[in-house]
Every structure is written in structure tokens, then in C-alpha cells.
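Q: got a sequence here, can you model it:
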Amino acid sequence: MTEGFALPTRFGAQSLGGCYAPETLMQPLLDLEAAFRAASVDPAFLAELRAELRHFVGRPTPLTPAPRLAAKLGLKVLFLKREDLTHTGAHKINNALAQAILARRMGKTEIIAETGAGQHGVATAAACARLGLACTVYMGVTDMARQAPNVARMRLFGAKVMPVEAGQGTLKEAVNEALRAWAGQCDRAHYILGSALGPHPFPTLVRSFQTVIGEEARAQVMDQSGSLPEVVLACAGGGSNGLGLLVPFLGDGLRRVAVEAGGYGTALGEHAARLDGGHMGVLHGCKTLLLQDEHGHTAETASISAGLDYPALGPELAALVLDGQVEVRRASDEEALTGARMLCENEGILPALESSHALALLPALVAEGVATVLLGLSGRGDKDLSTYQARLGI
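A: Now for the predicted structure:
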């Protein structure tokens with residue numbers, strides 16, 4: 001974990017990000033920025049975080065070679081960065097635990113969170129149980145239905161899960177309700193935002209706590225192979241996983257690729273791919289690349305993966321894409337299912353549907369002449385078993 005994190009308020013030539021927040025949240029956001037700055041250079045905070053990441057989360061996570069899948073696809077080398085092996089089963093715990101420790105340092109006694117696929121909610125609930133903090137998680141009813149095991153896990157960890165029925169009942173609406181709840185109790189509560197979006201300082205704070213993924217992966221791949229891969233590949237919803245893996249490779253001469261949810265079609269409302277058809281807009285407190293209809297309203301989205309079903313890219317990831325530092329591709333629902341099956345049958349690893357979108361891009365990369373890939377396996381697929389059973393007929 002790097003000490004003394006940089007804390008930009010805007011990103012890239014388009015000046016994305018910023019702090020578009022109601023007046024009631026401005027002081028809490030300023031307090032959060034000050035607390036984060038102080039903690040990032042405090043040896044005691046950093047030592048506690050490192051210890052908890054090691055003994056509670058299970059870091060460093062392994063870098064696993066996938067030789068059978070590589071051979072089947074025609075790759076020379078395929079490495080998997082195994083965030084699926086963290087406690088709670090996904091990368092979300094890195095940020096959730098760090099923010100919970102920061103909140104306790106600020107004197108907060110309650111935690112508010114949102115969740116889509118449920119992994120951030122589970123991670124936050126687990127972190128709160130670990131630290132003795134009350135926890136309330138807002139989750140859309142659509143996501144609650146397709147991620148029922150994660151709802152049960154949150155409740156087992158002592159969290160209160162609040163159903164959100166507005167709109168599509170997915171991640172966007174859950175963020176809306178969580179922000180609204182925080183505004184009413186920010187004196188005692190901290191909002192642990194799960195992805196690299198929202199008003200400043202959340203995008204940088206979340207990315208800073210997630211770059212442990214790429215920092216570990218870079219050292220591990222050099223140790224195992226002596227050289228960097230041609231492509232570093234990650235799925236991307238809001239951007240916490242994508243930034244966490246890709247940012248530590250920004251100074252290297254290789255391709256960095258993020259894969260969005262292509263859904264079931266190309267028309268607006270049939271996917272969650274923000275690069276094609278996205279426009280500049282403001283959502284949940286930041287300026288970024290956003291899917292909008294002809295009237296400028298935030299468009300509906302669709303994805304088999306609850307964790308990628310979000311209408312905007314986080315501002316830092318969007319800036320990296322627009323500035324040519326990161327490529328963005330898309331994978332459809334069917335392609336993601338195929339990618340998941342490939343990994344299961346060839347390596348005995350069950351990926352989350354989110355990670356399966358990155359796996360789906362591997363055949364295209366081989367067709368482009370790529371021989372070596374490092375892929376971020378953002379989470380495990382236990383939570384998605386009912387979807388796999390229904391869609392794959394198993």
C-alpha cells in the first residue's frame with residue numbers, strides 16, 4: 001500500500017470528476033478528504049490496514065498460471081490475478097475494509113453502503129462486523145432477487161439490507177438511496193461507496209485502496225516470468241476493479257484493456273457499454289461518460305452481471321480511456337457465459353459473471369496476435385450459480 005496518496009479532484013483533458021454534491025454533503029466530503037489525507041501518511045493507520053489485509057482479507061492474493069486454458073485459446077501465457085480468493089470472494093473487500101477503518105478513525109459508529117451484485121455489500125458487512133460498526137446496505141430489488149445468497153450473507157454478518165424499488169431496482173437506484181440516507185445522518189455515519197465514482201474524494205479514495213491489486217500483480221508476474229505481459233485485462237463496471245489492476249501498469253509499454261457489459265443488444269437500454277453511445281454528464285456527484293437518452297436523461301441499462309449494470313464509467317477510468325491510456329471493449333451476455341464455461345472446464349475455477357466478461361475477450365485478443373495476458377479475476381461465481389444453471393442448462 002503506497003503511502004501519501006495523491007488526491008486529484010479532476011481527471012484528464014476533459015476535466016472529469018469534480019464534486020457535484022448537495023450543500024448538506026459538502027462538509028462531510030471535506031472532512032473525509034482531510035481524514036484521508038491524514039491517514040495516508042499516518043504509520044499507525046497504514047500498519048493496521050496492512051495487517052488487516054494480510055490476516056483478515058488474505059493478501060497477497062495468488063497469481064495463478066492458467067496453462068490449459070492458454071493452450072486451448074492459443075496463448076503462450078495466461079496469468080489470473082485471484083481476487084476471487086479474498087475473504088468474501090471479491091476485490092470489494094480491499095476498499096470496504098480500508099474505508100471502515102478510516103470511518104472508525106473519524107469517530108463514526110455507523111456505516112451506509114450500496115451494492116449491485118452484492119459483493120460490496122457483503123464486504124462492507126464483514127468489515128463492519130470485524131470492527132464493531134453498525135451497517136445498513138441499500139440494494140435494488142432486481143439485484144436482491146438475482147443475488148439472493150449475498151443478501152443472506154449480509155444479514156448473517158449483522159447488516160440491515162434495505163430494498164430499493166425505484167427505477168430498475170439496480171445499482172444506480174441503490175446509490176441514490178444510500179447518498180440520500182447519508183445526507184440525513186452524516187454526523188454519526190460514513191458512506192462507504194463501493195466503486196471509483198461519486199463526488200470527490202470518493203473516486204481517488206476507492207482507487208487508492210484498490211491499487212494493491214495491480215501492485216501485487218506487477219511484482220508477481222515479474223517474479224514468475226521475468227517480464228511483463230503484452231496485455232493487462234479487467235472487467236469494468238464503475239471502475240474500482242479496472243483501476244485497481246490497470247493503474248499500476250500505466251508507466252509500462254503494454255496494452256491495458258477494460259471490458260464493459262455488452263448486454264443482449266446494441267440499442268440503448270440493452271447494454272451497459274458507456275464508450276459507444278455515452279455522453280458527458282453528471283451522475284451521483286461527478287462528471288463522467290454516461291449513457292443518456294435523447295432528452296439527456298440517464299438511460300436504462302441491461303447486463304447479465306449485476307456488478308457491471310451501471311450507466312456510467314467512473315471519472316478516472318473514463319479519463320484514461322479518452323486520453324488513450326486504456327482501451328475499452330465490450331462482451332455480450334452470451335460471450336460472458338462462454339468465457340465462464342471455458343475457465344470452469346479447463347482450469348476448475350468458477351468466475352463471477354463480472355470477471356467472465358474479461359474472459360470473453362481472450363479469443364479476440366488471440367486473433368489480434370496477443371500471446372501473453374494478465375487477467376484480473378475480480379470475484380468468484382458462487383453468487384451467480386442460479387444464473388449459470390438457468391442460462392447454461394446445467
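
Q: so what does His279 look like in phi/psi?
A: phi -130, psi 160 (degrees, to the nearest 10).

Q: Leu317 contacts Thr204, correct?
A: No - assessed by CB atoms under 8 Å, Leu317 is found out of contact with Thr204, at 12.0 Å. In short, each C-beta sits where N, CA and C put it, glycine included.

Q: joint contacts of these two?
A: Common neighbours of Leu317 and Thr204 (criterion: CB atoms under 8 Å, 6 or more residues apart in numbering): Ala196.

Q: and those two? Which one has more around it.
A: Leu317 (36 against 22; other CB atoms under 10 Å).

Q: for the longest strand belonging to the chain, what does the pLDDT average out to?
A: Secondary structure of the chain read by DSSP state E shows that its longest strand is strand 255-263. In this model, strand 255-263 carries a mean pLDDT of 98.

Q: show me what it is packed against.
A: strand 231-235, helix 240-246, helix 315-322, strand 327-332, helix 333-347, helix 353-360 (3 or more CB pairs under 8 Å, 6 or more residues apart in numbering; DSSP states H and E).

Q: buried sites along it?
A: By neighbour count with 16 or more other CB atoms under 10 Å, strand 255-263 contains the buried residues Arg255, Arg256, Val257, Ala258, Val259, Glu260, Ala261, Gly262, Gly263.

Q: can I get the helix ranked longest in the chain in CSV, CA atoms only?
A: Longest helix in the chain, counting residues (DSSP state H): helix 23-39. The C-alpha coordinates for helix 23-39 follow below in CSV (Å, rounded to 0.1, in the frame of the first residue of the first chain):
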residue,chain,number,x,y,z
GLU,A,23,-24.8,21.5,0.3
THR,A,24,-25.7,19.1,3.1
LEU,A,25,-22.9,16.8,2.0
MET,A,26,-20.1,19.3,1.3
GLN,A,27,-18.8,19.5,4.8
PRO,A,28,-18.8,15.6,5.3
LEU,A,29,-16.9,15.3,2.0
LEU,A,30,-14.4,17.9,3.1
ASP,A,31,-14.0,16.1,6.4
LEU,A,32,-13.5,12.8,4.5
GLU,A,33,-10.8,14.4,2.3
ALA,A,34,-9.0,15.7,5.3
ALA,A,35,-9.2,12.4,7.2
PHE,A,36,-8.0,10.5,4.1
ARG,A,37,-5.0,12.8,3.6
ALA,A,38,-4.0,12.5,7.3
ALA,A,39,-4.4,8.7,7.4
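
Q: got the contact list for that helix?
A: 5, 7, 19, 21, 45-46, 102, 105-106, 179, 182-183, 186, 190, 199-201, 205.

Q: who wins for proximity to Val370 among the helices and strands packed on strand 255-263?
A: strand 231-235 (5.4 Å; CB to CB).

Q: what angle do that closest one and strand 327-332 make?
A: Angle, strand 231-235 to strand 327-332, by axes from the mean of the first three to the mean of the last three CA atoms, to 10 degrees: 50 degrees.

Q: remind me what strand 231-235 packs against, helices and strands.
A: If you count contacts as 3+ CB pairs under 8 Å, 6+ apart, strand 231-235 packs onto helix 240-246, strand 255-263, helix 353-360, helix 362-367, strand 372-377.

Q: dump the ones you listed into a markdown table; add distance to Ala98 as well.
A: What follows is these, written out as a markdown table (distance: least, CB to CB, whole Å):
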| stretch | distance to Ala98 |
| --- | --- |
| helix 240-246 | 12 |
| strand 255-263 | 22 |
| helix 353-360 | 21 |
| helix 362-367 | 31 |
| strand 372-377 | 18 |
